[in-house]
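> this one's sequence-less:
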């Protein structure tokens with residue numbers, strides 16, 4: 001006879017996780033964080049496309065990475081004015 005499948009611990013864990021996610025998704029900090037993640041994701045999209053290209057332009061990628069690094073540093077130093 002094979003092992004007995006007991007879905008109840010998994011179901012309980014899933015229910016708790018979904019409840020926590022639902023509770024967190026209504027908070028202001030979650031919405032703001034989600035907006036910031038979406039903004040940075042759109043900024044990083046071209047570099048991910050460049051890294052996945054068949055013919056990789058390393059000079060162009062390096063310039064883009066340098067620009068992104070300086071932008072991230074500026075965002076970190078001026079977070080209050082950028083994310084206000």
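Yep, it's here. Bear in mind the structure is a predicted one, so any value in this text is a computation, not a measurement.
> if I look at the closest residue to residue 24 other than its chain neighbours, how far off is residue 54?
Excluding its sequence neighbours, the residue lying closest to residue 24 (CB to CB, 6 or more residues apart in numbering) is residue 30, at 5.1 Å. C-beta coordinates here come from the backbone N, C-alpha and C atoms, glycine included. Computed with CB to CB, to the nearest Å, the distance linking residue 30 and residue 54 is 39 Å.
> and the next element down the chain from whichever strand or helix holds residue 43?
Assigned by DSSP states H and E, residue 43 belongs to helix 28-51. Following helix 28-51 in sequence order, the next helix or strand is helix 58-77 (DSSP H and E).
> tell me what that following helix is packed against?
Other elements packing on helix 58-77 under the criterion 3 or more CB pairs under 8 Å, 6 or more residues apart in numbering; DSSP states H and E are helix 28-51.
> centroid-nearest residue for the chain?
residue 37 (5.0 Å; CA atoms, centre = their mean).
> what about that one, distance to residue 16?
Taking CB to CB, one finds residue 37 at 24 Å from residue 16.
> neighbours of residue 39, how many?
Applying other CB atoms under 10 Å, we find 13 residues neighbouring residue 39.
> pLDDT score for the residue nearest to the centre of the chain?
pLDDT recorded at residue 37 is 91.
> fine by me, thanks again.
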